[in-house]
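> pasting the sequence and the predicted model now:
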Protein chains: 2
Amino acid sequence: MALIVHKYGGTSVGSAERIKAVAQRVAKWQAAGHQLVVVVSAMSGETNRLLGLARAVQPEPDPRELDVVASTGEQVTIGLLAMALKQRGLPAKSFTGAQVRILTDSAFTKARIRQIDVEPMRYELARGSVVVVAGFQGVDEAGDITTLGRGGSDTTAVALAAALRAHECLIYTDVDGVYTADPRVVSDARRLATVTFEEMLELASLGSKVLQIRSVEFAGKYKVPLRVLSSLSDPDTPLAEESTSGTLITLEDDQKMEEAIISGVAFNRDEAKITVVGVPDRPGVAYAILGPIGEANIDVDMIIQNAGVDGMTDFSFTVNRGEFQKALEVLNTRVKDHIKASEIRGDNKVCKVSLVGVGMRTHAGVASKMFRTLAEEGINIQMISTSEIKVAVVVDEKHVERAVRALHRAFDLDQAA
Amino acid sequence: MALIVHKYGGTSVGSAERIKAVAQRVAKWQAAGHQLVVVVSAMSGETNRLLGLARAVQPEPDPRELDVVASTGEQVTIGLLAMALKQRGLPAKSFTGAQVRILTDSAFTKARIRQIDVEPMRYELARGSVVVVAGFQGVDEAGDITTLGRGGSDTTAVALAAALRAHECLIYTDVDGVYTADPRVVSDARRLATVTFEEMLELASLGSKVLQIRSVEFAGKYKVPLRVLSSLSDPDTPLAEESTSGTLITLEDDQKMEEAIISGVAFNRDEAKITVVGVPDRPGVAYAILGPIGEANIDVDMIIQNAGVDGMTDFSFTVNRGEFQKALEVLNTRVKDHIKASEIRGDNKVCKVSLVGVGMRTHAGVASKMFRTLAEEGINIQMISTSEIKVAVVVDEKHVERAVRALHRAFDLDQAA
């Protein structure tokens, strides 16, 4: 008998019928003797409906009140899933984020989990109940409702798995695993049976969209085995088959490093780049630029600063496209004059394309091969950023699909490993 | 400066536009120097949508989980109204039932309020904020979400007004006051400028549907001045005019007793009657019958037991039509054999029609005039129940509109008082 955490996204709980199918699947796991904690998202479309209502009332909704409204989506789903389980004769009990309690900081709409009280869940599990928990939400010290931001239900699932020391965390979704590239862009993309946390972290942050990045960080940090698998398969699929399907996200595997250099090509369309031109090249400048950006709760992705020339340099970074205007405003009002920059430039028509693979560490020439491939396609590279297991470039958004396909082909990702 | 409680029902907050209109009205009261606590219902249609989802998953929804789902309707509205107020530049803060906290018992779907913590509201009011509270919901000792049952938002408003010792509780609704009869049935029904708590209690319990009965009980018990008025008037109506519109529900007014004998004719279509036939006429029988009914959380309305003949009697009562089958089942399985009753009879095609008025106390002959009027209309009376200020009869549902019109005319309710 093991403690297993399941997570079902919006499409998987998008109707009464889908919720009943989830109950059927959960019942199968329970019947095999496992203890189940099930994390659910809002029914598909519901979060957007609520955001639409909020914006109709207040164009830039107050963050605290937006969380009060948005958190109701998951609350509806937990009640419905608990009902569906009871209808099948299974004891079940739902918990909101506040009821668990999932304590977060007070950064409304993008809160971070601080602490989880596992006692109420352990109590219900010991009584034989299925525990159903609302994803995406928590509560701060003051008792105010918070949300973890979009995709936060994955984070909730992994955080619960870590806190409960679960045997495995299964993320049921509408794709059947992690691919070498987006199958909608690259037709011969392959499903990976396993991928390391580090690779997944790079893939997720780069827009593979299978898992929210913070959930992978959590999973890696707390060594929670994580599996991405399909919620569209027959709920009565034999357990032995289902429990080995999808893609397992593992601790680093030496054997695998020998086999493949590159795991996949990822891309992210929601990028915008900003350059602070003519910055004095002296200590504290990076903080003077990114400090106010961080205070405005804007997440920064790539950060690039070249070696200075004549005591001056340019400082570039990318942000989510939705925060582009806000970031420009912060820079123009709070940063530009303060650091005596000559200009703030921005472009929100860019995309990021990345090659990811732990094999990169021991194989030289990945970056140069990547740049050559893009050059042969006539695609200009605007920014470059590298890590030990990733090379990422920013290109004009009109080239993104062609770049991904060319790289997938050049690195033989269509060939079985 | 006074502390005022407003309550807005589902139609009054049924769209983003209506919510903005509520914010405009609240802003007017705040601008006049008042402290405002605003209680809101779910947007119209939302509670039924949520109940429909629940029933699609579990035909008889689990009460605890149903409250988890149903309570989200009001939670959405409080967030939206707080946003609309902030959009107008007013400080505002929303509270769920659990956040206030409104402590209830654990009778899910029909919980009763035990205690209200006024400190968090007082703190926000002292800071100049408008306090927005979710109606209809609370939390029990275990931290589980409860709801007060349909119409419970009125009860929340009055309970908050009582706990905060508010100057007045204004119930904004889609009718502009309390009438001598339902204007849809009796075309020349008149609006009452004032009505006593006792009269209102009888009128509400008999289906006038303007206010939920428990809210009137609370208001009477804690002497909260209560006014029913229209949410459809121009939000910028001058305060002096708005604050004297609608119907004021007052403590008993001696002067008024001299003027009118009858305040109104009420009716309730949702009735069902049940008769336990052939009951031994001995102590404890009423409890043996109604004890199990109460344990099943079924509310009983009229209760009639005639003097016994030959040591046997019949015992009749009415329940809400929706609980008719459940009540029959309780009687047949847990009561009938136990008390050796010969038969359980039921009829769910009945309605109740009532005459209400404090003047009745000092005027004989109201009941006999009522019975004569119905006899002249050829309407058979199935049950009769009287109180000091009410005479209620049960008739076949097909006669109800004719009965109401005939009584309204016979008691000159169409004449100005």
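Perfect, I can see it now.

> what stretches of chain A score poorly on pLDDT?
Low-confidence segments of chain A (pLDDT under 70): A:150-151, A:204-209, A:252-260, A:307-308, A:361-364, A:416-417.

> as a quick check, tell me the outermost residue of it.
The centre of chain A is farthest from one residue, A:Asp310, which by Cα atoms, centre = their mean lies 40.7 Å away.

> tell me who's in contact with that residue.
Contact analysis of A:Asp310 by Cβ atoms under 8 Å, 6 or more residues apart in numbering or on different chains lists nothing. C-beta: built from backbone N, CA, C; applies to glycine.

> quick one: it from chain B, how far?
A:Asp310 sits 49 Å away from chain B, going by Cβ to the nearest Cβ, to the nearest Å.

> kindly report the same for A:Glu17.
Note on A:Glu17: its distance to chain B, by Cβ to the nearest Cβ, is 8 Å.

> how many residues are close by A:Gly365?
Using other Cβ atoms under 10 Å in any protein chain shown, A:Gly365 is surrounded by 10 other residues.

> A:Thr146 versus that one, what's the distance?
As judged by Cβ to Cβ, to the nearest Å, A:Gly365 and A:Thr146 stand 46 Å apart.

> could you dump the helix or strand containing A:Val400 to CSV, C-alpha only?
Taking DSSP states H and E as the criterion, A:Val400 maps to helix A:400-410. Listed next in CSV are the C-alpha coordinates belonging to helix A:400-410 (Å, rounded to 0.1, in the frame of the first residue of the first chain):
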residue,chain,number,x,y,z
VAL,A,400,9.7,30.1,-34.4
GLU,A,401,8.1,27.1,-36.1
ARG,A,402,10.8,26.8,-38.8
ALA,A,403,13.5,27.0,-36.2
VAL,A,404,12.0,24.3,-34.0
ARG,A,405,11.6,21.9,-37.0
ALA,A,406,15.1,22.5,-38.3
LEU,A,407,16.7,21.9,-34.9
HIS,A,408,14.6,18.8,-34.2
ARG,A,409,15.8,17.4,-37.5
ALA,A,410,19.5,18.5,-37.1
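
> distance between that helix and the chain's centre?
Its chain's C-alpha centre and that of helix A:400-410 lie 23 Å apart, by Cα atoms, centre = their mean, to the nearest Å.

> what comes up buried for that helix?
For helix A:400-410, burial by neighbour count (16 or more other Cβ atoms under 10 Å in any protein chain shown) applies to A:Val400, A:Glu401, A:Arg402, A:Ala403, A:Val404, A:Arg405, A:Ala406, A:Leu407, A:His408, A:Ala410.

> and stretch A:66-74, what's buried?
In stretch A:66-74, counting by 16+ other Cβ under 10 Å, buried: A:Leu66, A:Asp67, A:Val68, A:Val69, A:Ala70, A:Ser71, A:Thr72, A:Gly73, A:Glu74.

> burial check on A:Ala341, number of neighbours?
23.

> residue contacts, it?
A:Val276, A:Val277, A:Gly278, A:Val279, A:Val335.

> so where do the strands sit in the stretch 151-300 of chain A?
With strands called from DSSP state E, counting those that start in this stretch, the stretch 151-300 of chain A shows them at A:168-173, A:178-179, A:191-192, A:194-196, A:226-230, A:247-250, A:264-280, A:300-305.

> and chain B, which of those strands is closest to it?
strand A:168-173 (18.1 Å; Cβ to the nearest Cβ).

> who touches the closest one?
Residues from elsewhere that reach strand A:168-173, judged by Cβ under 8 Å, 6+ apart: A:2, A:4-9, A:11-12, A:22, A:25, A:154, A:157-158, A:161, A:210-211, A:215, A:219, A:224-231.

> residues in chain A within reach of chain B, list them.
Selection of chain A residues close to chain B by Cβ under 8 Å from any Cβ of the partner chain yields A:16, A:19-20, A:50, A:53-54, A:56-59, A:61-62, A:64-69, A:71-72, A:75-76, A:78-84, A:86-87, A:93-94, A:96, A:98-99, A:143-145.

> can you turn the buried part of these into a PyMOL selection?
Here is the PyMOL selection string for the buried members of these, based on 16+ other Cβ under 10 Å:
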select buried, chain A and resi 16+19+20+50+53+54+56+57+58+61+62+64+65+66+67+68+69+71+72+75+76+78+79+80+81+82+83+84+86+87+93+94+96+98+99+144+145
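
> in strands, which of the residues of chain A next to chain B appear?
A:Lys93, A:Ser94, A:Ile145 (DSSP state E).

> just put those in a markdown table and tack on distance to B:Glu168.
Below are those laid out as a markdown table (distance: Cβ to Cβ, whole Å):
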| residue | distance to B:Glu168 |
| --- | --- |
| A:Lys93 | 41 |
| A:Ser94 | 38 |
| A:Ile145 | 31 |
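
> between these, which is nearest A:Ser342?
Among these, A:Ile145 lies closest to A:Ser342 (Cβ to Cβ), at 44.4 Å.

> my read: the closest one touches A:Glu65, true?
No: using Cβ atoms under 8 Å, A:Ile145 makes no contact with A:Glu65, being 9.6 Å away.

> tell me what the helix holding A:Val400 is packed against?
Helices and strands touching helix A:400-410, by 3 or more Cβ pairs under 8 Å, 6 or more residues apart in numbering or on different chains; DSSP states H and E, are strand A:264-280, strand A:343-356, helix A:366-376.

> what's the first helix or strand after the shortest one?
The C-terminal neighbour of helix A:366-376 among helices and strands, as given by DSSP H and E, is strand A:383-387.

> tilt between that following strand and strand A:343-356?
50 degrees (axes from the mean of the first three to the mean of the last three Cα atoms, to 10 degrees).

> got the buried residues for the next helix or strand after strand A:383-387?
Moving toward the C-terminus from strand A:383-387, the next helix or strand (DSSP H and E) is strand A:390-396. Neighbour-count burial for strand A:390-396 flags A:Lys390, A:Val391, A:Ala392, A:Val393, A:Val394, A:Val395 (criterion: 16+ other Cβ under 10 Å).

> good, we can wrap up now.
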